[in-house]
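> This is a predicted model, with the sequence first.
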Amino acid sequence: MGVEKPSYCGSEDNPSTATGINADICAAFDYTDQTNAGLDVFYLLFAAALVFFMQAGFAMLCAGSVRAKNVKNIMLKNILDACGGALGFWSVGYAFAYGGASGDKKGFIGNSGFFLAGITDGGELIGWFFQFAFAATAATIVAGTVAERCKFEAYLCYSLMLTGFVYPVVVYSIWSSSGFLSAFNGDPTFGCGMIDFAGSGVVHMTGGITALIAAKILGPRIGRFYDADGNELPEPHDFPPHSVALQVLGTFILWVGWYGFNPGSTLSISPAGYGDVCALAAVTTTIAAASGSVSALFTDMFLYRRKTG
């Protein structure tokens, strides 16, 4: 249990008038507060950097999974996710996601903080960087789905739209204190609201549904189910990945990135108990990744043996 700051130390609105040893005590508390704030900023910077590093993992996974002739195209799209995502989330995305939020009201979208105007505090700025890394991840989920069949211009427009509007609306609804689904609102929906600790719904469901819609619009790759004359093939044509090494490298990079995604979602490390939550998230992430990999391996083996006998 932490020691509470004495009332005579005052606050921002009521400056301290303590003297002597009491002033020294207040100074010690102020120094501790500043140190904790700096520690939390560094913690979030480290976590956000790991999440952003997942962009490299997605790039390697996509590059290894497509045919060699399309590697340059998929690499460019992954770069566009980072660049377009940064510009979209900086200009309007962050404002739509969190601008003007208050627990005593509900709304559809934020309305202040465009281009980070008026935001100078280190905690808020590093919060933007962390949230941008999440937004870029949501955008990158779609890259593999539309691989080998999406134009450069269309993908850039999609990346800007998702990070600048679609994703922020979902964030505002769930993570903002003014969201109609938020558990942090003064009057949460159904009395409890929705809690999404690390973005399973906000980030991954948003990216997944977007990918599903994009795949439906674009359709399959040419030659996958139909020949050049439009006749249906007896069996779908396989497009083998050109580099298993890049696929495995990308997978491990993504695994490492998850240690920023999940433990970092505590958003700070200095408050009592936050370290325990962070550690539990790291262990859970490790077990989940390993279990998912082994389960997928045996499921694939079972289905393959059923098919081939």
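Right, received. Where do you want to start?
> Please make it C-alpha for all contacts and neighbour counts, starting now.
Will do.
> which SSE is the closest residue to G113 other than its chain neighbours in?
Excluding its sequence neighbours, the residue lying closest to G113 (CA to CA, 6 or more residues apart in numbering) is A95, at 4.8 Å. When elements are assigned from DSSP states H and E, A95 belongs to helix 94-98.
> Helices of this structure, start to end?
20-65, 71-88, 94-98, 122-145, 152-161, 167-174, 206-218, 244-261, 274-308 (DSSP state H).
> deepest of the ones you listed, which one?
Of these, the one with the most neighbours on average (mean count of other CA atoms under 10 Å) is helix 94-98, at a mean of 29.
> hmm, back to that, reformat the helices of the chain as JSON lines; add mean pLDDT and distance to F184.
As requested, the helices of the chain are exported to JSON lines (pLDDT from 0 to 100; distance: least, CA to CA, whole Å):
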{"stretch": "helix 20-65", "mean pLDDT": "90", "distance to F184": "21"}
{"stretch": "helix 71-88", "mean pLDDT": "91", "distance to F184": "26"}
{"stretch": "helix 94-98", "mean pLDDT": "95", "distance to F184": "13"}
{"stretch": "helix 122-145", "mean pLDDT": "93", "distance to F184": "17"}
{"stretch": "helix 152-161", "mean pLDDT": "88", "distance to F184": "27"}
{"stretch": "helix 167-174", "mean pLDDT": "96", "distance to F184": "9"}
{"stretch": "helix 206-218", "mean pLDDT": "93", "distance to F184": "21"}
{"stretch": "helix 244-261", "mean pLDDT": "96", "distance to F184": "21"}
{"stretch": "helix 274-308", "mean pLDDT": "92", "distance to F184": "18"}
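> Would you reformat those as JSON lines and include distance to G107?
Below are the helices of the chain laid out as JSON lines (distance: least, CA to CA, whole Å):
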{"stretch": "helix 20-65", "distance to G107": "28"}
{"stretch": "helix 71-88", "distance to G107": "21"}
{"stretch": "helix 94-98", "distance to G107": "11"}
{"stretch": "helix 122-145", "distance to G107": "20"}
{"stretch": "helix 152-161", "distance to G107": "20"}
{"stretch": "helix 167-174", "distance to G107": "8"}
{"stretch": "helix 206-218", "distance to G107": "19"}
{"stretch": "helix 244-261", "distance to G107": "27"}
{"stretch": "helix 274-308", "distance to G107": "30"}
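> Just tell me which of the ones you listed ends up closest to Y8.
Closest to Y8 of the helices of the chain is helix 20-65 (CA to CA; 8.1 Å).
> which other helices and strands contact the closest one?
Judged by 3 or more CA pairs under 8 Å, 6 or more residues apart in numbering; DSSP states H and E, the packing partners of helix 20-65 are helix 71-88, helix 122-145, helix 244-261.
> Indicate which one of those helices is closest to G20.
It's helix 122-145; of the helices and strands packed on helix 20-65, that one is closest to G20 (CA to CA) at 31.5 Å.
> What is that closest one packed up against?
Under the contact rule (3+ CA pairs under 8 Å, 6+ apart), helix 122-145 is packed against helix 20-65, helix 71-88, helix 206-218.
> Report the inter-axis angle for the second one versus helix 122-145.
Right, the one you point to is helix 71-88. 150 degrees (axes from the mean of the first three to the mean of the last three CA atoms, to 10 degrees).
> for the shortest one, same thing?
Angle of helix 206-218 versus helix 122-145, following the same axes, to 10 degrees, is 30 degrees.
> Against which helices or strands is helix 206-218 packed?
Against helix 206-218 (3+ CA pairs under 8 Å, 6+ apart) you get helix 122-145.
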